[in-house]
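**Student:** Next come a sequence and a model predicted from it.
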Amino acid sequence: MELRHVRSFIAVAEEGRAARGLGLSQPPLSKQIQALEAALGVVLFERDKRGVRLTKGGEAALPEAYRLIEQCDRLRRQAARRAEAGENRPSHRGLPSAFYEILLRLLDRSRM
């Protein structure tokens, strides 16, 4: 599972068929969604000629996807602040344990 796949999932859930904000055409976007579905083992969207809509699995995964992206953004900001402060040594202490909990919950819910 890659963060870009999670971001694509969120964009499609918010915007429907064409996630214009990602700068992707439909085939690459579809491949990213399919890759995420394969990684999670759940179908996230029902697809038809009129567009897409979330499945129950997709509805369960969406709030967790938001939390995952939020945690990753928080991690990035924290790392940047530490780097600016001269703390450039790698450390696992900067990674919030909530990140792991969210990821595990997302994976558990996707298997429902």
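**Tutor:** Perfect, thanks for sending it.
**Student:** C-alpha from now on. contacts and neighbour counts both.
**Tutor:** Fine.
**Student:** which parts of the helix or strand harbouring E70 are buried?
**Tutor:** According to DSSP states H and E, E70 maps onto helix 56-84. Across helix 56-84, burial judged by 16 or more other C-alpha atoms under 10 Å covers 57-58, 60-62, 64-69, 71-72, 75, 79.
**Student:** Over to stretch 45-58?
**Tutor:** Applying 16+ other C-alpha under 10 Å to stretch 45-58 flags 45, 52-54, 57-58 as buried.
**Student:** first to last residue in it, what's the distance?
**Tutor:** Stretch 45-58 has an end-to-end distance of 6 Å (criterion: C-alpha to C-alpha, to the nearest Å).
**Student:** Relative to E2, which of the buried residues of stretch 45-58 is nearest.
**Tutor:** For these, the residue nearest E2 by C-alpha to C-alpha is G58; the value is 16.6 Å.
**Student:** rewinding a little: which secondary structure elements does the helix holding E70 sit against?
**Tutor:** helix 3-15, helix 97-110 (3 or more C-alpha pairs under 8 Å, 6 or more residues apart in numbering; DSSP states H and E).
**Student:** Can you mark which positions in the shortest one are buried?
**Tutor:** It refers to helix 3-15. By 16+ other C-alpha under 10 Å, the buried positions in helix 3-15 come out as 5-13.
**Student:** Low-confidence bits of the chain, can you list those?
**Tutor:** Scanning the chain for pLDDT under 70 picks out 16-25, 87-100, 103-104, 107, 110-112.
**Student:** residue farthest from the centroid of it?
**Tutor:** G86 (30.3 Å; C-alpha atoms, centre = their mean).
**Student:** Mind telling me what element K31 is part of?
**Tutor:** Per DSSP H and E: helix 26-40 holds K31.
**Student:** just checking, next helix/strand downstream of that helix?
**Tutor:** strand 45-48.
**Student:** so how far is that following strand off the chain centroid?
**Tutor:** 19 Å (C-alpha atoms, centre = their mean, to the nearest Å).
**Student:** Which residues does it contact?
**Tutor:** Outside strand 45-48, the residues that touch it by C-alpha atoms under 8 Å, 6 or more residues apart in numbering are 52-55, 58.
**Student:** Could you identify the helix or strand that succeeds that strand?
**Tutor:** strand 51-54.
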